[in-house]
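Visitor: What would the 3D arrangement of this be:
(one chain, ligands or ions: 1)
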Amino acid sequence: MSKQQKPVGCLAASNNVMAAPGNPVVRPGLSRGNSDSGVPQVAVQHVIAPPSTPPGTSTRAHEGPLTELRAGQTAKVFKVHTETLKDRCPYFQPLLTNTPRPSADLLTFPDLDEFAFGLFTRWLYGSMLAGPSDFHSMQHYLCLYVLATRFAIERLKNEVMDLVRAYYRTSNMTAPAYRLEYVYSHTAGGNVMRQFLVTTAAYRFLIEKEPGQREPRLSDAMRGVIAKGGELAVGFVEACATLHTNGLEDVRRGPDCRFHEHVETKRCKVVPSEAYQG
Ligand SMILES: [Zn+2]
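Guide: A predicted model of the protein is given here:
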């Protein structure tokens, strides 16, 4: 449990982007250019590939008694095989072993977005994650990353990290201010998602100039979050310094393993890439 971080509150961030029933969508302030705040609004969709069995998943575990988990403000019920939860989630292993019949309170997570929770439970059964494809699904995947951090599932954290990087790389996007605020407020310390997102924001700040402008200039939204100080501001300054010293390296490209954690999982094999590969 040492890796567990403070409880998450995905819902709070979701409220920035989701419309209440009958109300117009509340969109966070847009920052300039191609941050991922600027994509068109579309209905929330999740595309999950047909189930597969990732390495380390025992099909034998998908049997026996079920554990009932509840997520989100509506306490949506997700029934999951107890042995599967224990097999794949370090958070639930001791909980369900030491407390065979835990109270509903221990298995209820009102602060976890039910969409992210849905992605999580499908992943438990071997579904491949499709990755974010738009403004809304990006939020669900960041919430899934926070969930994986809370439940101490290193493999899921690494998978989501790869998908988020791929989305930003292929869409040529960088993190807007409100994404940074969300991730910094729901993770702690030297978190690699923090590091990745703040570096994309710093990268954009350094390379993007308005017509006729000679020096980089912060967007109003970035100015607002940096003015608040704290770890986000420190991370942004450090990312700018790192980009200055490494010649503006684009962190959206390069080996996935750079942003992985491998305390419990095996380190990725290094595969030499061709020059044309990002
Ligand atoms: Zn790796």
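
Visitor: where does the stretch 1-150 of the chain have low pLDDT?
Guide: By pLDDT under 70, the low-scoring segments of the stretch 1-150 of the chain are 1-35, 37-61.

Visitor: show me where it has strands.
Guide: Counting by DSSP state E, counting those that start in this stretch, one finds strands in the stretch 1-150 of the chain at the ranges 48-51, 66-71, 76-81, 108-109, 127-129.

Visitor: tell me how far the third one is from the chain's mean position?
Guide: In this view, strand 76-81 has its centroid 22 Å away from the chain centroid, taken as CA atoms, centre = their mean, to the nearest Å.

Visitor: List the buried residues in it.
Guide: By neighbour count, and taking 16 or more other CB atoms under 10 Å as the criterion, the buried residues in strand 76-81 are 78, 80-81. Any C-beta I mention is one placed from the backbone N, CA and C, and that applies to glycine too.

Visitor: Please tell me the pLDDT value assigned to the residue in the stretch 101-250 of the chain that the ion sits nearest to.
Guide: Taking CB to the ion as the measure, the stretch 101-250 of the chain has Asn158 as its residue closest to the ion, at 6.1 Å. Here the pLDDT value assigned to Asn158 is 97.

Visitor: Just give me the neighbour total for it.
Guide: Summarising burial for Asn158: neighbours were counted as other CB atoms under 10 Å, giving 21.

Visitor: Leu129 too?
Guide: Neighbours of Leu129 (other CB under 10 Å): 20.

Visitor: ok, it - contacts?
Guide: Going by CB atoms under 8 Å, 6 or more residues apart in numbering, Leu129 touches 48, 119, 123, 141, 144, 159-160, 163.

Visitor: Also Leu69?
Guide: By CB under 8 Å, 6+ apart, the contact set of Leu69 is 77-80, 107-109, 117, 121.

Visitor: for it, which residues make a bridge with it?
Guide: On the basis of DSSP bridges, Leu69 takes part in beta bridges with Phe78.

Visitor: For the chain, which helix extends over the most residues?
Guide: Among all segments of the chain classified by DSSP state H, the helix with the greatest residue count is helix 154-171.

Visitor: Quick one: name the residues of the stretch 151-278 of the chain near the ion.
Guide: 257, 260, 268 (CB under 5 Å from the ion).

Visitor: Are any of those residues buried, and if so which?
Guide: 257, 260.

Visitor: Would you reformat the residues of the stretch 151-278 of the chain next to the ion as TSV and include pLDDT and secondary structure?
Guide: Formatted as TSV, these follow (pLDDT from 0 to 100; DSSP: H, G, I helix; E, B strand; the rest coil):
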residue	pLDDT	secondary structure
Cys257	95	helix
His260	96	coil
Cys268	93	coil
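
Visitor: Closest one of the residues of the stretch 151-278 of the chain next to the ion to Leu232?
Guide: Of all those, the one sitting nearest Leu232 is His260; the distance, using CB to CB, is 22.6 Å.

Visitor: which residues sit in contact with Arg252?
Guide: 165, 168-169, 200, 278.

Visitor: Give me the neighbour count for the nearest residue to Met161 once chain neighbours are set aside.
Guide: Spatially, and ignoring its direct neighbours in sequence, Met161 is nearest to Phe259 (5.0 Å; CB to CB, 6 or more residues apart in numbering). Here the count is done by other CB under 10 Å, and Phe259 has 19 residues near it.
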